[in-house]
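Enquirer: Kindly return the folded structure for what I paste below:
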Amino acid sequence: MDIGIFLRQFGPLILIFAIFYFLLIRPQQKREKERKKMLASLKKGDDVVTIGGIYGKILNIKDDVLTLEVGDKVKINVTRSAVGNVINKKEK
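Expert: Okay, the predicted model is just below:
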């Protein structure tokens with residue numbers, strides 16, 4: 001089989017895959033890695049916002065369940081993966 005024929009037939013397909021990798025797959029993997037790092041670093045006292053838009057302060061962390069204070073004496077339990085962003089990171 002001639003290499004020129006192979007490149008003419010499969011070259012565009014390989015090029016399209018490379019473009020998809022660098023424009024779609026790789027940035028998504030990077031965002032997912034950063035999100036996992038953020039979720040692993042959550043601790044008591046951090047102010048967070050959930051993916052549903054609820055603002056709260058972390059009172060307790062037990063495995064993958066966080067207890068958030070969302071108002072005066074109002075507490076809710078959410079899963080760790082429900083946290084969308086950390087607003088204020090509590091320093092040690």
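Enquirer: Show me the helices in the chain, by range?
Expert: Using DSSP state H, the helices of the chain run over 3-20, 26-40.
Enquirer: Now for the protein, the helix or strand with the poorest mean pLDDT.
Expert: Ranking every helix and strand in the chain by mean pLDDT, DSSP states H and E puts helix 3-20 at the bottom, with a mean of 89.
Enquirer: now for that one, which elements pack on it?
Expert: The helices and strands touching helix 3-20, judged by 3 or more CB pairs under 8 Å, 6 or more residues apart in numbering; DSSP states H and E, number zero. C-beta: built from backbone N, CA, C; applies to glycine.
Enquirer: Spatially central residue for the chain, please.
Expert: Nearest to the geometric centre of the chain sits residue 35, at 2.9 Å (CA atoms, centre = their mean).
Enquirer: any idea how far residue 46 is from that residue?
Expert: Separation of residue 35 from residue 46 (CB to CB, to the nearest Å): 15 Å.
Enquirer: cool, residue 22 as well?
Expert: 34 Å.
Enquirer: Between the two, which is the more surrounded one?
Expert: residue 46 (19 against 10; other CB atoms under 10 Å).
Enquirer: Is it correct that the more buried one is in contact with residue 57?
Expert: Yes. Under the criterion of CB atoms under 8 Å, residue 46 makes contact with residue 57 at 7.2 Å.
Enquirer: among the helices of the chain, which is nearest residue 51?
Expert: helix 26-40 (10.8 Å; CB to CB).
Enquirer: Show me the shaky parts of this structure.
Expert: 1, 90-92 (pLDDT under 70).
Enquirer: domain assignment for it?
Expert: As assigned by automatic domain parsing, the chain contains the domains 1-40, 44-92.
Enquirer: how far is the longest one from where the chain is centred?
Expert: Relative to the centre of its chain, domain 44-92 is centred 16 Å away, using CA atoms, centre = their mean, to the nearest Å.
Enquirer: Could you do the shortest one as well?
Expert: In this view, domain 1-40 has its centroid 20 Å away from the chain centroid, taken as CA atoms, centre = their mean.
Enquirer: That one: which residues count as buried?
Expert: Using 16 or more other CB atoms under 10 Å as the test for burial, domain 1-40 gives residue 39.
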